[in-house]
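1. Structure for the following, please:
(chains A and B)
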Amino acid sequence: MNSRYLFNRFGILYYLLPALLAGCAGGGGRIPVRSEAGTKAAIQLERGIRAYEKGEIQPAETFLADSLKISSSIEDNPARITALVNLARLNRLNLKPESATVHIDEALKLAGGQPDLMPEAAYEKALIEFAQNHTGKALAWSLKSLSYDNGPPRGKRLNLLARIHLAAGDRNEAASVAIMAREENHRYEQADEESNSLRLLGSMERENGRFIEAEKLLLESLEIDKQIGESNKIALDLEELAALKGDQGNLNMMIEYLERTFSVHINGARTGKAASTQLKMSEIYRKAGNIARAEKALQSAEQLMRKEPSNHKSSPESASPSKRP
Amino acid sequence: MIREEDPRFKYLERKIGFFMAFALLGIAVALVLYGVQKDYFTPSYTLRFTADRGTGFSKGMSVKLSGFRIGRVTSISLNEQAMVDINVEVDKKYRTWIRNDSTIKLVKEGLVGDSILDVSVGSLDRPELKDGETVLYVKTKGLDEMAQEIADKVKPVLFEVRDIIGYINNPDGDLKRAIHNIEVLTRNLDGTRDQTDKLLVSLNGSLDRISNKAVAVLDSANHKIDALDISPALTKINSTIDSIDKKIPPLLDKADNTLAELAKLSRETRVLSESAFPKIPGLLSQAEDVLFSTDRLINAMQNSWLFGNSSQPVGGRRFIRGDSHE
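-> I've put the predicted structure just below:
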């Protein structure tokens, strides 16, 4: 079989195959073509989010500001709102509530005509107000964010609403909303938010003195957080379990959970929280009459606190997910 | 018989009447003046106080305020606690100065004067003392007490003085012996002076001899220095310097060459960078273009039926994760 033979036999396929592929590619309808500026804005936004996830706060802010600038230059309002909400979130997590408020207010002003972006903007506004202890405003914005859509993010918005109710002292309402949140998160497989719901419910059950139910919920939350590998949340679960054991008067188990909490914090590079855990352990040891261990824990806490300021300056814990192992 | 018609007895009854009336008037005036002097006609009120002993007090004793007599002691009596109750009458017009924080004390006017009671002026914001109320008595020290106190203070000093005098007078004491030693020393000073004079004369002769010997030594040293020859050492040093002088120029030439090479290298690098740098932005732009084209291509592929559902479109994750518990 020489080449001429092959060409005569299958030559037609050389022409037909590309034509078939081209037809298939074009068959999906008209491909939406983004402008170069729009693409640049999207890339900068993506870079900003990626930088934040790596714990590089300053570059993240620069990229997001750049994205906002580019999208503003072409009056791409959805992109502007997205960049503004992200900037607000970045500032809130970086403990700059004033700056966060400025950005989110601008985003909300623009999001009036964008029902697909309004829920996230309202949710962020509620988080910012809640972070500043403005419970009334947080509640109003949280309800507004829930009035728009019923998609996967509904669970996290319900979780926030439950927390706000709890902070406002409305425990019954908080419990019923947290149960709804748990169901929503479970339905949409939002594991991280489902664990938040479980922890919140567990904490409320503990405060109500229903220790067995509380332990069950908290262990379930811990299991989910271990599956998704959220170090900070694992520590939160362990802290809650330690508090539960404390309420039950089981100081040995409480110490054990606090030891685990400390180990998670210290290996997750959260020195401040590790120091705070050691302080708690010192108190418990003292209460249990083990003065030598209490003194040792106190010394360890002091050493960690001396290290803490430099760590805090470089990257705030709340705004650096990359620090989580 | 003397006749009643004697002119000397004429109006005798009237004259006696006038005389009697005048005498009675004189007595009355005297009594009034006495009363005024004794303050019997001055409106007054009574104040009382209690002292631990009655020594120094007497009935009629003056009571003074800021040096002015304002009343007198009217009664002194011993009470059931063996203390002395004393009442004083004070002129009412001075009432305004005597308040419930005023004090009264027994003092002497001058060193040998009479004893009086001295009342202090009270604070104007305190209430005035009323008739029959008690004024605070402040005990003052009597002369005997003061004398005893001074004696108590002076006694230790006198004992000290006696001890010091005893120490000075002790024939075996340090002071007496020191004085004796000074006396002996003074007595021997004449002999010491004679010996010192002799020593100075002898020292003068010795100095002359030392001076002569030093001159001789210096002359000898001078001769020896003149005899020394340092020219070979100097020659050696000169030859060494010459050798160094010969070796330095080639080294400097080498350094010059190296520096020239370096300058040349730097120039070439600059030329190279000048030609390369302008190209970098272009290259970056081209790289960016390639990336954008790739992005468009991927975007288009993701919208095609073949790859559309297999991966997430670019820009799908638009928000930083907003955890409800952060």
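
2. can we go C-alpha only for contacts and neighbour counts from here?
-> Noted.

3. a helix runs through B:Val121, doesn't it?
-> No: secondary structure of B:Val121 (DSSP: H, G, I helix; E, B strand; the rest coil): coil, not part of a helix.

4. so it makes contact with B:Thr96?
-> No: using Cα atoms under 8 Å, B:Val121 is not in contact with B:Thr96; the gap is 9.1 Å.

5. Looking at those two, which has the bigger crowd around it?
-> Counted by other Cα atoms under 10 Å in any protein chain shown, B:Val121 and B:Thr96 do not tie: B:Val121 has more neighbours, with 18 against 13.

6. OK, contacts around the more buried one?
-> B:65-66, B:97-99, B:102-103 (Cα atoms under 8 Å, 6 or more residues apart in numbering or on different chains).

7. In the stretch 1-150 of chain B, what residue lies closest to chain A?
-> Nearest to chain A, among the residues of the stretch 1-150 of chain B, is B:Asp125, at 57.9 Å (Cα to the nearest Cα).

8. where does that residue land in three-state SS?
-> coil.

9. quick one: it from A:Arg92, how far?
-> As judged by Cα to Cα, to the nearest Å, B:Asp125 and A:Arg92 stand 67 Å apart.

10. of these two, who's got more company?
-> A:Arg92 (24 against 8).

11. B:Arg193: which element?
-> Applying DSSP states H and E as the criterion places B:Arg193 in helix B:174-227.

12. And for A:Met180?
-> Applying DSSP H and E as the criterion places A:Met180 in helix A:171-187.

13. Buried residues of that helix, list them for me.
-> A:171, A:174-175, A:177-182, A:184-186 (16 or more other Cα atoms under 10 Å in any protein chain shown).

14. For burial, what's the neighbour tally of A:Gln278?
-> When neighbours are counted by other Cα under 10 Å, A:Gln278 registers 25.

15. oh, I was asking about A:Asp66
-> Neighbour tally, A:Asp66, other Cα under 10 Å: 19.

16. dump the residue contacts of it.
-> Contact analysis of A:Asp66 by Cα under 8 Å, 6+ apart lists A:41, A:44.

17. how much space is there between it and B:Ile241?
-> The spacing between A:Asp66 and B:Ile241, counted by Cα to Cα, is 71 Å.

18. what domains does the record give for chain A?
-> Domain assignment of chain A by automatic domain parsing yields the ranges A:40-132, A:150-249, A:261-311.

19. Averaged pLDDT, the second one. What do you get?
-> Okay, so that is domain A:150-249. Throughout domain A:150-249, pLDDT has a mean value of 93.

20. How many residues are close by whatever residue of the stretch 151-300 of chain B ends up closest to chain A?
-> Across the stretch 151-300 of chain B, no residue is closer to chain A than B:Ala300, which sits at 6.3 Å (Cα to the nearest Cα). Applying other Cα under 10 Å, we find 19 residues neighbouring B:Ala300.

21. Just the pLDDT for it.
-> For B:Ala300, pLDDT reads 72.

22. about what we covered before: looking only at pLDDT, what's the mean for the helix holding B:Arg193?
-> The pLDDT scores in helix B:174-227 average 86.

23. What is the helix or strand containing A:Ser282 packed up against?
-> In this structure, A:Ser282 sits in helix A:271-287 according to DSSP H and E. Applying 3 or more Cα pairs under 8 Å, 6 or more residues apart in numbering or on different chains; DSSP states H and E, we find helix A:271-287 packed against helix A:251-267, helix A:291-314.

24. Pull out the buried residues from the longest one.
-> In other words, helix A:291-314. So, applying 16+ other Cα under 10 Å, buried residues of helix A:291-314: A:293-295, A:297-302, A:304-305, A:308.

25. follow-up on the earlier one: taking the buried residues of helix A:171-187, tell me the two that lie furthest apart.
-> A:Arg171 and A:His186 (22.2 Å; Cα to Cα).

26. Pull the number of nearby residues for the closest residue to A:Leu258 other than its chain neighbours.
-> Using Cα to Cα, 6 or more residues apart in numbering or on different chains and skipping residues adjacent in sequence, the residue nearest A:Leu258 is A:Ala242, 6.0 Å away. Other residues near A:Ala242 come to 24 when the count uses other Cα under 10 Å.

27. Give me the number of neighbouring residues for the nearest residue to A:Leu117 once chain neighbours are set aside.
-> In space, A:Leu117 comes closest to A:Ala111 once its chain neighbours are excluded; the distance is 6.3 Å by Cα to Cα, 6+ apart. Per other Cα under 10 Å, the neighbour tally for A:Ala111 reads 23.

28. again with the one 4 residues further on
-> A:Pro115 has 11 neighbouring residues, counting by other Cα under 10 Å.

29. just the one 5 residues further on next, same as before
-> The burial count assigned to A:Glu120 is 23, neighbours taken as other Cα under 10 Å.

30. and it, how far is that from A:Ala174?
-> As judged by Cα to Cα, A:Glu120 and A:Ala174 stand 21 Å apart.

31. what about chain B, any weak spots by pLDDT?
-> B:1-5, B:285, B:288, B:292, B:299, B:302-317 (pLDDT under 70).

32. Grab the most central residue of it for me.
-> Centroid-nearest residue in chain B, with Cα atoms, centre = their mean: B:Lys153, separated by 29.5 Å.

33. Is it located within a strand, as I assumed?
-> No: secondary structure of B:Lys153 (three-state DSSP): helix, not part of a strand.

34. Hmm, A:Ala242 is touching A:Asn252, no?
-> No: with contact defined as Cα under 8 Å, A:Ala242 does not reach A:Asn252; the gap is 9.7 Å.

35. returning to what we had before: would you list the helices and strands packed on helix A:271-287 in CSV and tack on distance to A:Glu129?
-> Below are those laid out as CSV (distance: least, Cα to Cα, whole Å):
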stretch, distance to A:Glu129
helix A:251-267, 28
helix A:291-314, 23
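
36. Which one of these lies nearest to A:Lys144?
-> The closest of the helices and strands packed on helix A:271-287 to A:Lys144 is helix A:291-314. By Cα to Cα, the value is 34.5 Å.

37. And that closest one, what does it pack against?
-> Judged by 3+ Cα pairs under 8 Å, 6+ apart, the packing partners of helix A:291-314 are helix A:271-287.

38. and the helix it packs on, average pLDDT?
-> Averaged over helix A:271-287, pLDDT sits at 92.

39. I would like the residues contacting that helix, please.
-> A:251, A:255, A:258-259, A:261-263, A:265-266, A:291, A:293-298, A:300-302, A:304-305, A:307-308, A:311.
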